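In: Pasted the sequence and its predicted model underneath.
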Amino acid sequence: MANPTPSSDVKRNPFGDYFEERQLKMGLTNREMASHLGYKNANFISMVKSGATRFPLIKLAQARALLDADMVKLFQLYIDAYMPETRSLFDQILSEKTQVTANELAVLEVWRTATDYKDPAITQSKDNVERVLEKFREATADL
């Protein structure tokens, strides 16, 4: 009986699937990805996608930038694939980080009102800044 290849025994994981999905979307080859991530062998990328090897956590931000991926999704998939026992801890941390206070919502509403809900870059024009400042003045006039 022939020995199976290492990847035939390995269950694919959602991290590897998302990694591959983003790679295809960006039009990158395994060789290009490996090179950008500092690896000489393109086979490393194949092994990550198949689940045969673990992607190094220290390279996650670099991969996120290369793949133009959603960092939270990439990180959550990473945790699920390689550290599932820590998922509840990271979910708690991420949910606390993304909570918005009532004061922050008020600031956001001033920004949206001042820019007519168009979401321009803050530095796009001096007019945007002036409109936002005027809205803040109006909002705080009664203080």
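Out: That came through fine.

In: how much distance is there from the lowest-mean-pLDDT helix or strand in the chain to the middle of the chain?
Out: One helix or strand of the chain scores below all others by mean pLDDT, DSSP states H and E: helix 87-98, with a mean of 77. Centroid separation for helix 87-98 versus its chain: 14 Å, with Cα atoms, centre = their mean, to the nearest Å.

In: Counting by contacts, list what it packs against.
Out: helix 71-82 (3 or more Cβ pairs under 8 Å, 6 or more residues apart in numbering; DSSP states H and E). C-beta here means a position set from N, CA and C on the backbone, and glycine is covered the same way.

In: Which positions in the helix it packs on come out as buried?
Out: 74, 75, 76, 77, 78, 79, 81 (16 or more other Cβ atoms under 10 Å).

In: Kindly tell me how buried residue 34 is, as a neighbour count.
Out: For residue 34, the tally of surrounding residues (other Cβ atoms under 10 Å) stands at 19.
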